[in-house]
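Asker: whatever this is, show me its structure:
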Amino acid sequence: MQMATLGKQGPTVSALGIGTWAWGDTFFWNYGKQYGAEQVRAAFEAAITAGITFFDTAEIYGFGKSESLLGEFCQQSPAAIDIATKYGPAPWRWRGEDVRDALSSSLERLQLTRATLYQVHWPFAFLMSQETLMNALADAVQSGQIAAVGVSNYSAAQLREAHSLLAKRGIPLAVNQMQYSLLHRDIERNGVLTAARELGITILAYSPLAQGLLTGKYDPENPQSPDGARRLDSRFSARGLQKIAPLLRLLRQLGDRYTKTPAQVALNWLVAQGDVIPIPGAKNAQQATQNAGALGWSLTPEEVAQLEQASRSF
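Answerer: Purely as a prediction, here's the structure:
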């Protein structure tokens, strides 16, 4: 299995992870209706079988349900598993002790004494300064509760500030989790990817399949409405799907060349960017197995460039 390092010298994890927002989320993903605990357990087991041992969650996913499910599954698995979770800044959290308490609660739900990665979910400061926040995270590293520190949705300037504050404590900033896919390439234009590469920070790419648009499931010739809140997203309309049709055709053509799905090609393109770990979601075993098929092979530089050109407008 391909492996990757979180940051310059951080923990080594599988080169592709599984995002678990859908594990317990009833609003956006309709957990408990079309699928439930049995299906996400099967997704977990299929990922482990395929060699994917890195899972990303957050305290807000299902209001703790995602962490609890992961904790239960990990306890029943003999595999060595890496868990990343997230701290949610909120107005009522203004002390360093609040970060410590949130982390302790997450670890309790996960049934862990130590998480591989702990991330700040949003760059909102509210009443807590970034200095207080980063010092609290550095304390958690030094106490052994977490192996590495990450942030999420941080701009280039915010990323540099967080990196600088942690460096004063001798702690590297390992990760910035950002939306990144062939249909969402903003980090290439707004300085985030450049800053991450300069500082040796890994990008965890969330929504790497654009919430399903890059799987090939949604066809402009036969549009269908997705589940949950996604049905309100204009990109899933017939007009929206028509805009991405040329890119989907290229994904299928390249997939046919390698006997891969459009989703596997889209994920492989992200891996080819270097220091990028995609974390696609998986609600069942089939999706988890398909995700894993993005590893173990490589697009050629010419094919990577073809996809770059076809998706440049996004």
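Asker: buried residues in stretch 158-178?
Answerer: In terms of neighbour count (16 or more other C-beta atoms under 10 Å), stretch 158-178 has its buried residues at 158-163, 165-166, 171-178. Bear in mind the C-beta positions are built from the backbone N, C-alpha and C, glycine included.
Asker: contact partners for Ala46?
Answerer: Listed by C-beta atoms under 8 Å, 6 or more residues apart in numbering, the contact partners of Ala46 are 282, 285-286, 288-289, 292.
Asker: what about these, which are in helices?
Answerer: Counted as lying in helices by DSSP state H, out of the contacts of Ala46, are 285-286, 288-289, 292.
Asker: show me how to select, in PyMOL, the buried members of the residues you listed.
Answerer: PyMOL command restricting the ones in helices among the contacts of Ala46 to the buried ones, with burial defined by 16+ other C-beta under 10 Å:
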select buried, resi 285+288+289+292
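Asker: show me where the stretch 101-250 of the chain has helices.
Answerer: 130-143, 156-167, 192-199, 238-258 (DSSP state H, counting those that start in this stretch).
Asker: gap between the last one and the chain center?
Answerer: Relative to the mean C-alpha coordinate of its chain, helix 238-258 is positioned 23 Å out (C-alpha atoms, centre = their mean, to the nearest Å).
Asker: any chance you could list what contacts that helix?
Answerer: So helix 238-258 is contacted by 182-183, 213-214, 216, 218-220, 223, 233-235, 260-262, 264-266, 297, 299, 303, 306-307, 310-311, 314 (C-beta under 8 Å, 6+ apart).
Asker: just the shortest one next, same as before
Answerer: Contacts of helix 192-199 with the rest of the structure, by C-beta under 8 Å, 6+ apart, involve 154-156, 159-160, 163, 173, 176, 178, 186-187, 201-203, 275.
Asker: what's the answer for the second one, then?
Answerer: Where contact means C-beta under 8 Å, 6+ apart, the residues beyond helix 156-167 that reach it are 120, 123, 130-131, 134-135, 137-138, 149, 151, 154, 172-173, 176, 190-192, 194-196, 199, 201.
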